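[1] whatever this is, show me its structure:
(one chain, ligands or ions: 1)
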Amino acid sequence: MSVNGIGLNGNITDNNKDVIYFDNSATTRVDSRVAEAMIPYFTQIYGNPSSAHVLGREMHGCLDKARQTVAKLINCAPHEIIFMGCGTEADNFALIQTAELFKGKGRHIITSAIEHKAILETCHFLEKQGCYITYLPVNGKGMISLYDLKRAIRPDTILISLMMANNEVGSLFPIKEAACIAKERNILFHTDAVQAVGKIKIDTDDLGVDMLSVSGHKIYAPKGIGVLFVRKELKERLTPFMHGGAQEDGLRAGTENAPYIIGIAKAAELIMEDGYDENTRIRSLRNLFEKRVLNEIPFTVANGDPELRVPSISSITFKYIDAESVIGYLPQICCSLGSACASDQEMASHVLTAMKLDPVDIRGTIRFSFGRFNTEEEVNRAVDLLKAGVEKLRQISPIYNQQAGSG
Ligand SMILES: *Cc1c(COP(=O)(O)O)cnc(C)c1O
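    The predicted model follows:
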């Protein structure tokens, strides 16, 4: 069946059945349990939660429960959860609304050089509005230094925003320690936890953060749903990001996207039920992959911090070769050039650049990211394919033959 030329047919999945999906940091497949939980909210439970009638009240109750579940995942109060359109919106909201609220106190914000574009581009926007931004450098492993953070603080610093886990190399920033530094100096602290949720336990109370961003499609819920946690005292002072109705305490107007809110709540429930255990399995898949690649394919390097990183990500540099040609040669393996965002543009990854990788090595770098639905068989098959593919491509690579060839 095809609707208006859009191929809405089963063949899509059939054609893709041999594909190995190692791009879980770009997006995840929706867990079928999540999809099933959402279905009734399209055709059966469809009231507007703002309506006073029975269907409205029913929906209102369902969304309350969903809010409680998501709050439990990150240990905060339900009314500290704001549902929104995506992780990018949560990041925009956090930075733009606090910059607005505290513009009388100061206009300086600290972030890192390796944040997601959702933070970096928002910072560039705020710079145009008259804010000053400090981008903390990282070392060769993609790690910031708390010493640099302390030194960057100025009397007019109003906000520190640091990601919990990096999406290209997986490094885990010391968020608890950084939030503590912020608190001592009365500075707000936001963390983009999009790549960390589900991979490490997140407790907003223990971390001491004021705001935290989550995205649905990185945790087996659909694309197009995000969450921002905002601590109660701060939330009460913020002004609306979207103007309109009274949804989300008037801060983010627009009728709630009920099926997707139910979806992200179901994804949160699954993480709490079994999600942290599954990371042991995902880590061992990642480690098997990395070990085999490094041992069996010559001139390969793993990037990032080997210890302080999420279990799901492996960033590999294949020296003397173009990552793009590897990906082009092995279409069965879904993975990313450095990062999903970088692959759309003819631009070197800002993360690997900040880590001071040689530009030639950056061109040879691929991010593989593992998830819930990957198997050991896929890991072994992918390594076998990579091994043969890389060898073949190096045979015809002039750089390889010049620089490493006979050696
Ligand atoms: C994917 C991602 C985002 C953006 O989330 P969307 O829901 O796609 O807008 C933000 N930050 C990080 C670290 C991400 O990986």
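
[2] rest of the way, CA atoms for contacts and neighbours
    Fine.

[3] remind me which residues of the stretch 301-407 of the chain are low pLDDT?
    338-346, 404-407 (pLDDT under 70).

[4] what do you get if the cut-off is 50, keeping everything else the same?
    Applying pLDDT under 50 to the stretch 301-407 of the chain flags the ranges 339-340, 342, 407.

[5] mind listing the helices for it?
    323-329, 340-344, 350-354, 359-362, 376-395, 398-403 (DSSP state H, counting those that start in this stretch).

[6] residues in contact with the first one?
    By that I understand helix 323-329. Outside helix 323-329, the residues that touch it by Cα atoms under 8 Å, 6 or more residues apart in numbering are 333-335, 337, 363-366, 386, 389-390, 393.

[7] got the domain ranges for this protein?
    5-29+276-404, 32-270 (automatic domain parsing).

[8] by mean pLDDT, show me the worst of these.
    With a mean of 89, domain 5-29+276-404 has the lowest mean pLDDT of those.

[9] for it, what is the distance to the chain centroid?
    Its chain's C-alpha centre and that of domain 5-29+276-404 lie 17 Å apart, by Cα atoms, centre = their mean, to the nearest Å.

[10] tell me how many other residues crowd the nearest residue to K235 once chain neighbours are set aside.
    Distance criterion Cα to Cα, 6 or more residues apart in numbering; nearest residue to K235, sequence neighbours excluded, is E80 at 7.4 Å. When neighbours are defined as other Cα atoms under 10 Å, E80 has 22 of them.

[11] on that earlier part again, out of the domains of the chain, nearest to the ligand?
    Between the ligand and these, the tightest spacing by Cα to the nearest ligand atom is seen for domain 32-270, at 3.5 Å.

[12] is that closest one in proximity to the ligand?
    Yes. Domain 32-270 reaches the ligand (Cα under 6 Å from any ligand atom) through 86-88, 116, 118, 166-167, 192, 194-195, 215, 226.

[13] how long is that domain end to end?
    Using Cα to Cα, to the nearest Å, one end of domain 32-270 lies 11 Å from the other.

[14] with stretch 171-188 instead?
    22 Å.

[15] now do stretch 253-261
    15 Å.

[16] what about it, distance to the chain center?
    Computed by Cα atoms, centre = their mean, the chain-centroid distance of stretch 253-261 equals 21 Å.

[17] filter the contacts of helix 323-329 to the buried ones?
    333-335, 337, 363-366, 386, 389-390, 393 (16 or more other Cα atoms under 10 Å).

[18] let's have these in JSON lines, adding distance to the ligand.
    Formatted as JSON lines, these follow (distance: Cα to the nearest ligand atom, whole Å):
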{"residue": "I333", "distance to the ligand": "20"}
{"residue": "C334", "distance to the ligand": "16"}
{"residue": "C335", "distance to the ligand": "14"}
{"residue": "L337", "distance to the ligand": "14"}
{"residue": "R363", "distance to the ligand": "21"}
{"residue": "G364", "distance to the ligand": "21"}
{"residue": "T365", "distance to the ligand": "18"}
{"residue": "I366", "distance to the ligand": "16"}
{"residue": "L386", "distance to the ligand": "25"}
{"residue": "G389", "distance to the ligand": "28"}
{"residue": "V390", "distance to the ligand": "28"}
{"residue": "L393", "distance to the ligand": "30"}
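
[19] excluding chain neighbours, what is closest to K176?
    With Cα to Cα, 6+ apart, the residue lying closest to K176 is L207, at 4.6 Å.

[20] same question for V390.
    V326 (6.7 Å).
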